[in-house]
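Q: Here's a sequence, model it:
(2 chains)
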Amino acid sequence: MNQYEIAVLYHPDLEVDLTKAEERVSKIIKDNGGKVTATDNWGKRKLAYKIAGNEHAVYVFYTVEMPGENVKKVESTLNITDEVIRYLITRPDLKAIAKAEAAKAEKAKKAAERGDREDDKEEEEQA
Amino acid sequence: MAKIFKHKSEVAYFDYKDFKTLQRYVNGYGQIESRKKTGLSESQQRHLSVAIKRARHLALLPFVAHN
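A: Below is the predicted model of the structure:
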């Protein structure tokens, strides 16, 4: 089992009622032994260029635990799913993400120790 | 040539979803800036270009801008 990130662009007309399309995609994932651990819905966005005549699309990102040998099957099924106008399956580099986050946290800690103005402002707002 | 970041970038990871950050590394035509200009290390530049290409596939960034 590996962790994958599946980005799906739905047809803009589905924005009103996305549940059916989402169910269909999650069924495809489930049928291939995957488990959705997190979803991130960006809503309807303007595309940088037209895709199949569409100027907009609904962006949804799924974090999925899935056996590697089934990725190709998911891809081929998504290819023939009409609701999906584009998708991307990636394996996030977990080590690099953890490293980047650690560096970020350390930076924030150092900034707090120095007593940066920005932090002071935030504290004032909270108070 | 003016570098985008004068000091070594501390970005350890480029996320294709974070297109706002990636946008700083493309020029007005949507082309990826060279290492001379970005000031990134070899591996960082490689990760950057992969992230930009993924963002382009999802139409978060244009292949060609101002056309």
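
Q: mind listing the helices for the chain?
A: By default, I'm working from chain A. Along chain A, counting by DSSP state H, helices occupy A:19-31, A:71-79, A:94-114, A:117-126.

Q: That was the other one, I meant chain B.
A: Counting by DSSP H, the helices of chain B are B:19-23, B:35-38, B:42-57.

Q: Figure out which of these is closest to A:Asn32.
A: With distances scored as Cβ to Cβ, the stretch of those nearest to A:Asn32 is helix B:42-57 (21.7 Å). Where C-beta positions appear, they are placed from N, C-alpha and C, glycine not excepted.

Q: Contact residues of chain B facing chain A?
A: Of all the residues in chain B, those in contact range of chain A (Cβ under 8 Å from any Cβ of the partner chain) are B:10-13, B:16-17, B:47, B:54, B:56-63.

Q: go with 6 Å
A: With the criterion set to Cβ under 6 Å from any Cβ of the partner chain, chain B comes near chain A through B:Ala12, B:Tyr13, B:His57, B:Leu58, B:Ala59, B:Leu61, B:Pro62.

Q: A:Ala102 versus the second one, what's the distance?
A: This points to B:Tyr13. Remark: distance between B:Tyr13 and A:Ala102 (Cβ to Cβ, to the nearest Å) = 11 Å.

Q: Can you give me the pLDDT of A:Glu123?
A: Each residue has a pLDDT score; the one for A:Glu123 is 51.

Q: Run through the residues that contact A:Gln3.
A: Taking Cβ atoms under 6 Å, 6 or more residues apart in numbering or on different chains as the definition of contact, the neighbours of A:Gln3 are A:Glu65.

Q: wait, A:Glu15
A: A:Lys44, A:Val58.

Q: Tell me how many other residues crowd B:Thr38.
A: The local packing of B:Thr38 (other Cβ atoms under 10 Å in any protein chain shown) involves 18 other residues.

Q: what's near enough to touch B:Leu61?
A: The neighbourhood of B:Leu61, defined by Cβ under 6 Å, 6+ apart, consists of A:Ala48, B:Phe19, B:Ala55.

Q: Quick check: phi and psi on it?
A: The main-chain torsion angles of B:Leu61 are listed as degrees, to the nearest 10 and equal phi -130, psi 150.

Q: Not including adjacent chain positions, what is the nearest residue to it?
A: Using Cβ to Cβ, 6 or more residues apart in numbering or on different chains and skipping residues adjacent in sequence, the residue nearest B:Leu61 is B:Ala55, 4.4 Å away.

Q: What is the neighbour count of that neighbour?
A: Using other Cβ under 10 Å, B:Ala55 is surrounded by 23 other residues.

Q: Look up how far B:Thr21 lies from it.
A: Applying Cβ to Cβ, the value for B:Ala55 to B:Thr21 is 10 Å.

Q: How about A:Ala102?
A: Separation of A:Ala102 from B:Thr21 (Cβ to Cβ): 18 Å.

Q: Could you do A:Lys35 as well?
A: Look at A:Lys35 and B:Thr21: by Cβ to Cβ, they are 30 Å apart.

Q: what helices or strands is the longest strand anywhere in chain A leaning on?
A: Among all segments of chain A classified by DSSP state E, the strand with the greatest residue count is strand A:35-51. Contacts of strand A:35-51 with other secondary structure elements, assessed using 3 or more Cβ pairs under 6 Å, 6 or more residues apart in numbering or on different chains; DSSP states H and E, are made with strand A:54-66.
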